[in-house]
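1. I would like the atomic coordinates for the input below:
(one chain, ligands or ions: 1)
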Amino acid sequence: MEDLLPDTFWELVVAALVLMAGAVVVEIGFTFDINRWQESKRKWEEKKLRTKCPHATFIKEGDQYGFESTFSIIFGTEWWRCGKCGLETHDIRGSKRMIERFASNRELYRKQENEFIRAHKKLYG
Ligand SMILES: [Zn+2]
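-> Below you'll find the predicted structure:
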């Protein structure tokens, strides 16, 4: 009986240590996954934001109005960057077509801009 006690004691200590180590590992794994999950969620929201962005801005002078691309060339490259959503692309032909469509249908731009603002609020508050 006297021999049994220390054995059980050390077994308990080892078991406790194993459990604690396990808990630490689980916790690290959990925090890591949360961060990764938040990161991938943020990236997903950013992607969504970029699909909603009209990549254009409304301009009005007197009774004249029009739309201007928000893409500007990244200095020293052949890439364009949208000043509104941060999208980088080397082909802005799609954006030019969109601007033509906005010019003939202002409502289309208004809708897209509203969706963009909503997505922007969701992402950055
Ligand atoms: Zn954009």
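2. alpha carbons only for contacts and neighbour counts from here, please
-> Noted.
3. who does the longest helix along the chain touch, helix- and strand-wise?
-> Identified as the longest helix of the chain according to DSSP state H is helix 4-52. Contact analysis of helix 4-52 by 3 or more CA pairs under 8 Å, 6 or more residues apart in numbering; DSSP states H and E lists helix 106-124 as its packing neighbours.
4. Rounded mean pLDDT for the helix it packs on, please.
-> Average pLDDT, helix 106-124: 94.
5. quick check: angle from it to helix 4-52?
-> Relative orientation of helix 106-124 versus helix 4-52 (axes from the mean of the first three to the mean of the last three CA atoms, to 10 degrees): 160 degrees.
6. Show the model's pLDDT score for the closest residue to the ion within the chain.
-> In the chain, the residue that lies nearest the ion is H55 (3.6 Å; CA to the ion). At H55, the model reports a pLDDT of 96.
7. In contact with it, which residues are there?
-> By CA atoms under 8 Å, 6 or more residues apart in numbering, H55 lies in contact with 69-71, 82-85, 95.
8. Among the residues you listed, which ones lie close to the ion?
-> Applying CA under 5 Å from the ion to the contacts of H55, one finds that 82, 84-85 fall near the ion.
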